[in-house]
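Enquirer: Okay, structure incoming, though there's no sequence with it:
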Ligand code: ATR
């Protein structure tokens, strides 16, 4: 029987992960089975049963990333720092928790910009999505990170928590310094409702790239917002990050790293 993997979530019907992992498996000639697993209740029980029945690994999506963090027998440093787990690996009767979201983002940013070395980053939002990417961004060599959030106190809490990793500052949207930021990343969930973070639009003027972690068929509200205020700015949705985190999970499970570029291209074509 083929090794079995799933993505746990609720809802999970629209998850692209099975499609992505199927393409990875074809590309790398790995024989695996990967399916959606809707969990409506009792995530700890359902996930443990999956592994006891022979499951080799799982991705975890909303709303279970924190529960997966609590459930894991051991955690990688990046999962520990994020306080959230998106990848479970079952080995010798133990569940290992990791978080590949940040690696997925860094990978995509690097493929669009080249190196992230010395880049000044503005990160909008202070939820789980923001926490997961901070250490990978510093590890990629960024010069500084300013984190801004609608609820200012949450941005400050994060800045304190990650102070040891690099130069980090925090504010509300109204008090973002008028500095130059090379990359502006939206980690808020505002695009889901067609909304945008209420930042000073001059900030887009000097930026190279406006990146939205959210993705959909059409350009997201944040991408449209950025382009409207700087016709030359590069804009990107988070599809590459999604494929990148999947590639990193696949590597943890199978020991081979798929090439994400053809997979991103194919998904974009399928969505269009
Ligand atoms: P999670 O931890 O699951 O990522 P969350 O804690 O609800 O979810 O975080 C969502 C992020 O999106 C937060 O930064 C939130 O801002 P607040 O902390 O002020 O709530 C942000 N967010 C959601 N909708 C937004 C909107 N319409 N405009 C700006 N920020 C928004």
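Expert: Alright, I've got the coordinates. This structure is a prediction, so every number in the text was calculated from the model and none was measured.
Enquirer: rest of the way, CA atoms for contacts and neighbours
Expert: Noted.
Enquirer: How is residue 105 assigned, secondary-structure-wise?
Expert: Three-state assignment for residue 105 (DSSP: H, G, I helix; E, B strand; the rest coil): helix.
Enquirer: Return the distance of it relative to the ligand.
Expert: Distance, residue 105 to the ligand, by C-alpha to the nearest ligand atom, to the nearest Å: 15 Å.
Enquirer: ok, that residue touching residue 244?
Expert: Yes - Residue 105 lies in contact with residue 244 (C-alpha atoms under 8 Å); the separation is 6.9 Å.
Enquirer: How many residues are close by residue 35?
Expert: Residues near residue 35, counting by other C-alpha atoms under 10 Å, number 17.
Enquirer: so what's the closest residue to residue 202 other than its chain neighbours up against?
Expert: Distance criterion C-alpha to C-alpha, 6 or more residues apart in numbering; nearest residue to residue 202, sequence neighbours excluded, is residue 229 at 7.4 Å. Applying C-alpha atoms under 8 Å, 6 or more residues apart in numbering to residue 229 gives the contacts 201-202, 204-205.
Enquirer: And residue 35, by the same measure?
Expert: Shown in contact with residue 35 (C-alpha under 8 Å, 6+ apart): 5-7, 18.
Enquirer: now, among the residues you listed, which is nearest to the ligand?
Expert: The closest of the contacts of residue 35 to the ligand turns out to be residue 7 (C-alpha to the nearest ligand atom; 16.9 Å).
Enquirer: three-state assignment of the closest one?
Expert: Going by three-state DSSP: residue 7 is strand.
Enquirer: I'd say it and residue 17 touch.
Expert: Yes - taking C-alpha under 8 Å as the definition, residue 7 is a contact partner of residue 17 at 7.1 Å.
Enquirer: any idea what sits nearest residue 171, other than its immediate chain neighbours?
Expert: residue 148 is the one closest to residue 171 (C-alpha to C-alpha, 6+ apart), at 4.9 Å.
Enquirer: does that neighbour have beta-bridge partners, and which?
Expert: residue 124, residue 171 (DSSP bridges).
Enquirer: Tell me, how many residues neighbour residue 191?
Expert: Residue 191 has 21 nearby residues by other C-alpha under 10 Å.
Enquirer: And for the one 5 residues further on?
Expert: In terms of burial, residue 196 registers 19 neighbours under the definition other C-alpha under 10 Å.
Enquirer: gap between it and residue 34?
Expert: 34 Å (C-alpha to C-alpha, to the nearest Å).
Enquirer: Same check on residue 89?
Expert: Taking C-alpha to C-alpha as the measure, residue 89 falls 14 Å from residue 34.
Enquirer: Domain-wise, how is this structure divided?
Expert: The chain breaks down by automatic domain parsing into domains covering 3-100+248-259, 102-239.
Enquirer: Now the most centrally placed residue in the chain: phi and psi?
Expert: With distances taken as C-alpha atoms, centre = their mean, the chain has residue 101 as the residue nearest its mean C-alpha position (3.4 Å). Torsion angles at residue 101 (phi, psi; degrees, to the nearest 10) stand at phi -60, psi -40.
Enquirer: try residue 37
Expert: Torsion angles, degrees, to the nearest 10, at residue 37: phi -130, psi 100.
Enquirer: Let's have the domains of the chain in TSV, adding mean pLDDT and distance to residue 271.
Expert: Below are the domains of the chain laid out as TSV (pLDDT from 0 to 100; distance: least, C-alpha to C-alpha, whole Å):
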stretch	mean pLDDT	distance to residue 271
domain 3-100+248-259	96	11
domain 102-239	96	6
